[in-house]
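J.: Sequence below, structure please.
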Amino acid sequence: MSKTQQEIAAPDTSEKAVAEQHKKQKTHYFTSRKITQYAVFVALALVMKLVGKSLTLSPTFTVTFIYIPWILSGAVLGPIGGMVVGALSDVLGNFMFGAQFIPLTFVSNLLYPLPTAIIYAVWKRGNHYVKLSLGAICSLLLCTLGIGSLAIYTFYGYYQTMNFFMYLLAFRMPQVGVFFVNLVVLILIVAPLVNVGVLPETKKSDSEMLKTAMLTVGMSALTALTVAALIIIGATKPSLIDSGMTEGMVGGTMGIVIIAYGVLMCLVGLTMTKKDSTVSAVLKAVTVVLLYAALTVSAITYQNSINILYMFLIAVALFAVIAAIRLVGRKKGVKSK
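T.: Below is the predicted model:
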């Protein structure tokens, strides 16, 4: 081999070549597209954190939908990108809302997108419903019930009165219900996200049977959790009244739980029917009626205009997001034709 051939065959180890290689690796994670995706997911997480702040019932129980952008960021951005979103949403959220920084909570939020990201990195051709559900359940066990619960357990001093497993059973089980509601919503938006190109398309042969199976599991879990919530509210009614709630407020809370269950079951049904069918039209009408019923019950029960305003804004935001996703999906379908 000639000297020229050897120079061509040998890798270029000059400082310039090494610098170019580092630049390529850097731009892989910090391209304009990636930065935009980071910003979108962090913004969604902060919005969900704001909603959770208004629905924080105790230090150990918050009704939040922040799990959805975290899980999706892991699927879309990969392990490093997902952890960047988790870390930024924690730090910026604490700064914006005046919350105290808890190191273990930061670690929990940092790692939350990681299981989903690893599953997507290893399992290239699997079904979205299965991969997202598996990743979400792993994050529930590792972060919500594991590191995140340990953070609250130590920070608020629960270790002084009970062991960790008693704390989980007594205070953290309602968070599992919140998680499953997040999972049902996540499953419902998979198809629109595929339509707009956020998630890659999967084979039709993969999707239908697994989609039905996952929706069945979600519906069963949601039903069980709703029944459990009603039983818990009924069992704790005396202590709730002692804490300042009236009979009407307890009854209204149970009514809102039932209405929320009906809305979610209608949304699940919409994913299993044809878009232009009579059943789909009826389910949409019932969903709208139930949402206004929830607003009415909340207004009568709590007589708090701020709570009503938050619920109204959340409902409008959800309808706007769904409408935007459907519109973009239709435009994309027209262009592809």
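J.: on contacts alone, who are the packing partners of whichever strand or helix holds Ala191?
T.: Per DSSP states H and E: Ala191 is located in helix 190-195. Judged by 3 or more CB pairs under 8 Å, 6 or more residues apart in numbering; DSSP states H and E, helix 190-195 is in contact with helix 128-139, helix 305-336. Bear in mind the C-beta positions are built from the backbone N, C-alpha and C, glycine included.
J.: Would you single out the least confident of these?
T.: When the helices and strands packed on helix 190-195 are ranked by mean pLDDT, helix 305-336 comes last with a mean of 61.
J.: okay, now the closest residue to Leu193 other than its chain neighbours: neighbour count?
T.: Closest residue to Leu193 apart from its sequence neighbours, by CB to CB, 6 or more residues apart in numbering: Leu199 at 4.7 Å. Other residues lying near Leu199 total 20 when counted by other CB atoms under 10 Å.
J.: which ones are touching Leu199?
T.: Shown in contact with Leu199 (CB atoms under 8 Å, 6 or more residues apart in numbering): Ala75, Val76, His128, Val190, Leu193.
J.: those helices in the stretch 51-200 of the chain, which residues are they?
T.: Ranges of helices within the stretch 51-200 of the chain are 67-97, 103-111, 114-122, 128-139, 148-155, 164-167, 173-188, 190-195, based on DSSP state H, counting those that start in this stretch.
J.: farthest pair in the contacts of Leu199?
T.: Val76 and Val190 (12.4 Å; CB to CB).
J.: Make JSON lines out of the contacts of Leu199 and add distance to Thr301.
T.: Converted to JSON lines, the contacts of Leu199 look like this (distance: CB to CB, whole Å):
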{"residue": "Ala75", "distance to Thr301": "38"}
{"residue": "Val76", "distance to Thr301": "39"}
{"residue": "His128", "distance to Thr301": "38"}
{"residue": "Val190", "distance to Thr301": "34"}
{"residue": "Leu193", "distance to Thr301": "35"}
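J.: Export those as CSV, with columns for neighbour count and distance to Gly251.
T.: Below are these laid out as CSV (neighbours: other CB atoms under 10 Å; distance: CB to CB, whole Å):
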residue, neighbour count, distance to Gly251
Ala75, 24, 41
Val76, 23, 43
His128, 24, 40
Val190, 22, 36
Leu193, 19, 38
